[in-house]
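Asker: Fold the following, please.
(one chain, ligands or ions: 2)
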Amino acid sequence: MTDCLFCRMVAKEIEPDVVYETKRVLAFKDLNPQGPVHILIIPKEHIPTINELKETHVQIAGEMMLAAQVVADQLGVAEKGFRLVMNCNKHGGQSVYHLHMHLIGGRQLDWPPG
Ligand code: 5GP
Ligand code: ZN
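Answerer: Residues are numbered from 1 along each chain as shown. Ligands and ions are numbered 1, 2, ... in the order given. Reported below is the predicted structural model:
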């Protein structure tokens, strides 16, 4: 039993709306979408923030990006484009301390972000 929300999803104690899954990665719909498409891509392993990423995580970090590529294609935003975001700690706006990549698309996104 863990109090990490995303670990509980990996353990299937909580069942998010999964769009893609591999041995090491899970991708599911964000509860509070910031666009027509908003997916969270997480490693199944608990890594709190990008600050804790180690050399041994290089494979999983790459797999998260490849998962984003697959999901973007699957959900029809690959051609028009999308954004991948990883928030880190307070200034980055991180609220869930299990590494995750946001895939947001389906509308024109502004730059710079707020
Ligand atoms: P962060 O702010 O840490 O970068 O992103 C956390 C994301 O998790 C937010 O976009 C938030 O909407 C999403 N989130 C929080 N709780 C849940 C939940 O219970 N289920 C799902 N699917 N997403 C969640
Ligand atoms: Zn976790």
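Asker: so, in contact with ligand 1 or not, the helix or strand containing Tyr20?
Answerer: Using DSSP states H and E, Tyr20 falls within strand 18-21. No. Using C-beta under 6 Å from any ligand atom, strand 18-21 never reaches ligand 1; the gap is at least 9.6 Å. C-beta coordinates here come from the backbone N, C-alpha and C atoms, glycine included.
Asker: Tell me the helices and strands packed up against the top strand by length along the chain.
Answerer: The longest strand of the chain (DSSP state E) is strand 37-43. Counting contacts by 3 or more C-beta pairs under 8 Å, 6 or more residues apart in numbering; DSSP states H and E, strand 37-43 is packed against helix 5-10, strand 25-29, helix 58-74, strand 101-105.
Asker: Show me what that strand is in contact with.
Answerer: Contacts to strand 37-43, defined as C-beta atoms under 8 Å, 6 or more residues apart in numbering, come from residues 6, 9-10, 19-20, 24-30, 32, 57, 60-61, 63-64, 67-68, 71, 75, 77, 82, 98-106.
Asker: Using ChimeraX, define a selection of the buried residues within these.
Answerer: To isolate the buried members of these in ChimeraX, using 16 or more other C-beta atoms under 10 Å:
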select :6,9,10,19,20,25,26,27,28,30,57,60,61,63,64,67,68,71,75,77,82,98,99,100,101,102,103,104,105,106
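Asker: near ligand 2, from the contacts of strand 37-43?
Answerer: Counting by C-beta under 5 Å from the ion, Phe6, His98 from the contacts of strand 37-43 sit close to ligand 2.
Asker: Contact partners for Gln94?
Answerer: Contacts of Gln94 by C-beta under 8 Å, 6+ apart are Thr49, Asn87, Cys88.
Asker: before we move on, back to that, contacts for the strand holding Tyr20?
Answerer: Leu26, Ala27, Phe28, Lys29, Ile39, Ile41, Ala67, Val70, Val71, Gln74, Leu75.
Asker: Partner strands of that strand and their direction?
Answerer: Applying DSSP bridges, strand 18-21 is found paired with strand 25-29 (antiparallel).
Asker: thinking again about what came up before, give me the distance between the strand holding Tyr20 and the centre of its chain.
Answerer: Distance, stretch centre to chain centre, for strand 18-21: 11 Å (C-alpha atoms, centre = their mean, to the nearest Å).
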